[in-house]
Structure formats: structure tokens, C-alpha cells
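Colleague: got a predicted structure plus its sequence, pasted below:
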Amino acid sequence: MVFLLLVAGAASAQVLKTNISVHDPVMIKQDSTYYLFCTGRGIAMWSSPDMIHWKAEKQVFDAAPAWVANVVPDFKNHIWAPDISWYNGLYYLYYAVSAFGKNTSAIGLATSPTLHTGDTAYKWTDHGIIIQSVPGKTNWNAIDPNLITDVDGTPYLAFGSFWEGLKIVRLKINRLEVDGPISNLPTIASRVRDKSNGNPPAIDNNPKDAGGNAIEAPFIFKHGKYFYLFASIDYCCKGPKSTYKMIVGRSKKLLGPYVDKADVNMNEGGGSIVLAGDKDWYGVGHNAVCTFDGIDYLIFHGYDAADRGISKLRIEKLKWPKGWPEIVPKAGQNK
């Protein structure tokens with residue numbers, strides 16, 4: 001890991017890091033500062049002037065919100081897969097709490113008027129549960145949230161991991177609660193082509209309850225006339241044995257259907273590969289897409305083959321030839 005030492009006037013020295021270890025990153029920019037939120041104790045938070053050198057900020061929650069204990073008993077404040085957005089004068093930070101391998105899960109929301117931690121206005125206010133999944137009652141998992149607005153401004157929350165696949169739910173205009181029943185939520189992506197037999201069985205030593213529908217981490221991004229649904233398939237969090245990879249489909253309607261380059265519906269096993277692991281990265285996934293200064297970026301984590309499979313932050317520029325996202329090769333790289 002590379003370190004950069006900065007000294008500002010009489011202020012104490014501050015160490016900025018590169019090549020940082022993160023899981024499930026999402027990014028936003030306020031003024032000239034980039035902010036990164038990731039899975040971690042209390043929600044990990046980083047700041048950067050250039051998307052290269054990063055300062056570890058104080059975690060969002062010192063302790064888990066009080067309501068979490070009623071959803072996940074003995075929760076240790078390790079909060080998953082945050083999603084950050086700006087609306088009506090506030091930053092909205094959706095996040096997930098869960099019992100690993102089970103759909104004992106819920107998505108919560110916190111808001112703050114600023115991300116600048118030195119600002120006196122900086123304060124996260126928790127708004128409690130947005131949506132909850134319960135074993136035996138919901139055949140989906142309320143984790144991996146992503147906020148997306150339709151062309152008319154209606155907010156939706158995409159989410160999901162394993163079980164029946166990726167779901168989407170309409171929110172009320174204030175984005176603080178679900179708008180309507182959750183008994184029959186549409187599935188926007190699944191790896192299962194034949195759903196008549198229910199959830200496929202788990203493979204290897206993966207959690208039995210989760211089954212084998214290895215898809216998660218939806219992220220919907222509007223580009224041109226299409227909405228693009230990114231998702232991650234196969235298995236994360238296994239270091240050198242990670243097989244994570246990212247797929248994409250597109251639709252002219254937010255609610256889909258999303259189809260891949262071969263016109264296969266993502267709800268029927270479709271999805272074109274955006275990026276997979278290689279000799280340098282065992283697996284790559286759980287991405288966000290951000291636009292800064294007119295440039296689109298793919299933000300994700302990868303398991304570094306040169307460093308024991310440790311999960312690292314990766315940021316790649318995107319281009320859109322023929323209406324499909326591709327990573328822009330760096331200087332000296334082949335396509």
C-alpha cells in the first residue's frame with residue numbers, strides 16, 4: 001500500500017492511502033471532494049481529492065441503530081453495501097443489515113445535509129427500516145440497495161441477493177418509505193431460466209438457505225435512451241477462490257424487461273459480461289456507476305492476485321460503443 005503524507009500549515013500530518021481495501025464501494029462528489037462508502041463496521045467512509053489518494057473518515061454509525069437488534073439478533077454493527085445519492089438538500093445513504101447466508105435482512109436509510117465531516121452541519125439521521133425480508137415469508141433478500149429515479153421523478157429501490165433474484169420496489173416521493181404492497185415485487189434479474197422448480201440448490205459449501213441463484217448487487221444507471229441494469233454473479237468474498245463477475249442488460253423502461261446483447265431477458269438467465277476475473281484479479285464485482293465532469297466511471301472491488309486475494313478498490317472509465325458499456329483500456333493495455 002502506498003502512502004502520501006500531507007501537512008497543511010501547523011496542522012498535524014495526515015496520511016492518505018492508495019490501493020485501499022474495500023468491499024461494495026459506491027461514490028459521490030461534493031464540491032471538490034470524492035466520498036466513498038463501503039461495507040464495514042458502522043459503514044466505512046473515505047474521502048479523496050482525486051480518486052487516488054484516500055483518507056479514512058470516521059465510520060457513519062458508532063453503534064448500530066437501535067431497531068437493528070429486532071431484525072438481526074446479536075448484530076455486530078458490520079453494515080453492508082451502502083448506496084449514496086443526493087435529493088432535496090440531503091444525502092441519502094441506504095444500507096443493509098443481515099445475518100450472513102440468510103434472508104434475515106433489512107434495508108435502512110440515513111440522511112445528512114453534508115458529507116464534509118468538518119462541517120458543523122455534518123450529522124447522520126437514521127430513518128429506520130425501508131424494507132425487510134423474513135425467512136419463510138419472502139423469497140427474496142433485502143440487501144444491496146440501489147436508488148434510481150424514473151424519467152418522471154418517481155423513486156425506486158432495486159435490491160436483492162440470491163433467493164428469487166433481484167427485485168425493485170417503488171418508494172414514496174420523500175424516499176423514506178415503500179409506496180404500496182411488497183407481496184408481489186417484480187423480479188428484474190435472475191440466473192434461473194426455468195422457475196418451475198423454485199430456487200436452485202446451493203453449491204459447494206455455500207449457505208444452504210441462500211440457494212444457488214448467484215446474482216446480487218443491482219445498480220441501475222440511465223445513459224441516453226436506456227436504463228442499464230448492472231449486477232454481479234457467481235461468488236464474492238472467497239479471496240483467491242472468488243469467482244465474482246459483472247453483467248449488464250438494458251431497457252427503455254426502468255421496470256424492464258432488461259435484455260442483454262443477445263436479447264436474452266435478465267430475468268431468464270440473461271446478462272452480458274462487463275468484466276470478469278483474470279490473472280491479476282481473482283474476481284471483480286459489486287459495482288456502482290458514477291459520472292464526474294462528464295466522464296462515466298465503473299466503481300467496484302476486485303480480489304487482488306498480487307496481494308493474497310485481498311479485496312481492493314478499482315475505478316475504471318467507461319465508454320458506450322453501440323450503446324453498451326465497455327471499460328476504457330488504460331495506456332499500454334489491450335482492449
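Modeller: In hand now; what should we look at? Residues are numbered from 1 along each chain as shown.
Colleague: mind listing the helices for the stretch 51-200 of the chain?
Modeller: All helices of the stretch 51-200 of the chain, identified by DSSP state H, counting those that start in this stretch, fall at 68-71.
Colleague: just the mean pLDDT for stretch 323-334, thanks.
Modeller: Mean pLDDT, computed over stretch 323-334, is 83.
Colleague: would you mind listing the buried residues in it?
Modeller: 324-327 (16 or more other Cβ atoms under 10 Å). (Each C-beta comes from the backbone N, C-alpha and C, glycine too.)
Colleague: same deal with stretch 202-211?
Modeller: Under 16+ other Cβ under 10 Å, the buried positions of stretch 202-211 are 202, 206, 209-211.
Colleague: just flag the most distant two among those residues.
Modeller: Greatest spatial distance in those: 206 and 209, 9.8 Å, computed using Cβ to Cβ.
Colleague: tell me, what's touching these two both at once?
Modeller: residue 101 (Cβ atoms under 8 Å, 6 or more residues apart in numbering).
Colleague: quick one on the thing from earlier: which of the buried residues of stretch 323-334 sits closest to residue 58?
Modeller: Looking across the buried residues of stretch 323-334 and measuring by Cβ to Cβ, the closest to residue 58 is residue 327, at 32.7 Å.
Colleague: for the chain, which spans come out with low pLDDT?
Modeller: For the chain, applying pLDDT under 70 flags the ranges 1-14, 332-335.
Colleague: could you rerun that using 90?
Modeller: 1-15, 194-199, 203-206, 330-335 (pLDDT under 90).
Colleague: for it, longest strand please?
Modeller: Assignment by DSSP state E gives strand 281-292 as the longest strand of the chain.
Colleague: what is that strand packed up against?
Modeller: strand 26-30, strand 215-223, strand 226-233, strand 245-251, strand 295-304, strand 310-319 (3 or more Cβ pairs under 8 Å, 6 or more residues apart in numbering; DSSP states H and E).
Colleague: of those strands, which is nearest residue 78?
Modeller: Comparing these by Cβ to Cβ, strand 310-319 comes nearest, at 14.2 Å.
Colleague: how far away from the center of its chain is that closest one?
Modeller: Centre-to-centre, strand 310-319 and its host chain are 13 Å apart (Cα atoms, centre = their mean, to the nearest Å).
Colleague: can I get the helices and strands packed on strand 281-292 in CSV with distance to residue 121?
Modeller: Below are the helices and strands packed on strand 281-292 laid out as CSV (distance: least, Cβ to Cβ, whole Å):
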stretch, distance to residue 121
strand 26-30, 12
strand 215-223, 29
strand 226-233, 33
strand 245-251, 36
strand 295-304, 26
strand 310-319, 28
